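Enquirer: No sequence on hand, only this structure:
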């Protein structure tokens, strides 16, 4: 399933921290950020329950988009 989130990842430093977290939480999933987008979109392709895994992660804010 593809999940799409609006995030607060708006700098290279935040991207690096978010990348470390996502690699740790989602080793079998594919993900990417679109920092060119005004909403700093994060897309995750995974069979896991992603919203519950990354909500309140302490690194970045995210809101699932429909």
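Expert: Now that the structure is in, tell me what you want to look at. Everything numeric here is computed off the predicted structure, so don't read it as measured data. Numbers count the residues shown, from 1 in each chain.

Enquirer: How far off centre is the longest helix anywhere in the chain?
Expert: Criterion DSSP state H: the longest helix present in the chain is helix 12-25. On the basis of CA atoms, centre = their mean, to the nearest Å, helix 12-25 is displaced by 8 Å from the centre of the chain it belongs to.

Enquirer: Which strands and helices lie in contact with the next helix or strand along the chain from that helix?
Expert: Downstream of helix 12-25, the next assigned helix or strand under DSSP states H and E is strand 30-34. Counting contacts by 3 or more CB pairs under 8 Å, 6 or more residues apart in numbering; DSSP states H and E, strand 30-34 packs against helix 12-25, strand 41-45. C-beta here means a position set from N, CA and C on the backbone, and glycine is covered the same way.

Enquirer: what sits up against strand 30-34?
Expert: 7, 9, 15, 18, 22, 40-46 (CB atoms under 8 Å, 6 or more residues apart in numbering).

Enquirer: Direction included, what does it pair against?
Expert: strand 41-45 (antiparallel) (DSSP bridges).

Enquirer: List the buried residues for the next helix or strand after the partner strand?
Expert: Note on strand 41-45: by DSSP H and E, the next helix or strand toward the C-terminus is helix 50-54. Buried residues in helix 50-54, defined by neighbour count with 16 or more other CB atoms under 10 Å: 50, 53-54.

Enquirer: next one: stretch 28-38
Expert: Residues of stretch 28-38 classed as buried: 29, 31, 33, 35 (neighbour count, 16+ other CB under 10 Å).

Enquirer: residues touching the residue nearest the centre of the chain, list them.
Expert: Central residue of the chain (CA atoms, centre = their mean): residue 42, 4.5 Å from the mean position. Contacts for residue 42 (CB under 8 Å, 6+ apart) come out as 4-5, 7, 9, 18, 31-34, 62.

Enquirer: Perfect, I'm done here.
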